[in-house]
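Novice: Pasting a predicted model and its sequence here:
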Amino acid sequence: MKNYIIPSIVAFILAGCTSKTNQTTTTATTTTTNQSVKTTDTPDECSTINNLINGYETGFNSIKTDKVNNQFTNQWRTNTHIIGATCTVTLNKSEQASYQCQTPVKTQTQTIKSHQKLAKQLRQCLTKTGWFESQKETASSIYSTFVLDTKTPVITLATNQEGNGFSSRFEIAPPLGL
């Protein structure tokens, strides 16, 4: 039974993120997504990712909620979560924003399955518009990186072993050219 808990939680979180994000999309997108009964359709999943990518240009202002009390960085919690329940937007010293989510997972098998499922979703949404994917695997980590060009943000999905558990991190960060 434990083998089905994490994928169920991830699916629930992704479904929740999709429905939350769809409320803030344009009328054309909302009309298209409302016609679909299933919440697992690729257009809905892609709209969440596309909204995040488009949000990079405005510093992810549309998804920021409350500011995190941190004296070292400017950071906000968000209302959109690709993985886990805690995602943040961070402003670096150059005033460039990045979006990141992190979630701990106990078992290696579930971590790998969750990583591969989200990587597949990203691949389906991004490669058809010209994004390039590179994936690197080691004994204790998997990295999936998506790059379009030197002006578009970089998307990284990283899963690493941390002590006795594992952690997955999703990030949309400044482009490689900056």
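Specialist: In hand now; what should we look at?

Novice: Every contact and neighbour count from this point should use C-alpha atoms.
Specialist: OK.

Novice: Are we agreed that residue 118 is in a helix?
Specialist: Yes. Counting by DSSP: H, G, I helix; E, B strand; the rest coil, residue 118 falls inside a helix.

Novice: ok, it to residue 151 distance?
Specialist: Going from residue 118 to residue 151 by CA to CA, to the nearest Å gives 24 Å.

Novice: Tell me which of the two has more neighbours.
Specialist: Here residue 118 and residue 151 are set side by side on neighbour count (other CA atoms under 10 Å), and the busier one is residue 118, at 18 against 12.

Novice: what kind of secondary structure is the spatially most central residue of the chain in?
Specialist: For the chain, residue 82 is the residue whose C-alpha lies nearest the centre (CA atoms, centre = their mean; 3.9 Å). Per three-state DSSP, the secondary structure class of residue 82 is coil.

Novice: thinking it is in contact with residue 170, fair?
Specialist: Yes. Between residue 82 and residue 170 there is a contact under CA atoms under 8 Å: 7.3 Å.

Novice: Need the residues touching each of these two.
Specialist: When contacts are counted by CA atoms under 8 Å, 6 or more residues apart in numbering, residue 82 and residue 170 are jointly contacted by residue 101.

Novice: Show the average pLDDT along stretch 121-139.
Specialist: Per-residue pLDDT values over stretch 121-139 give a mean of 93.
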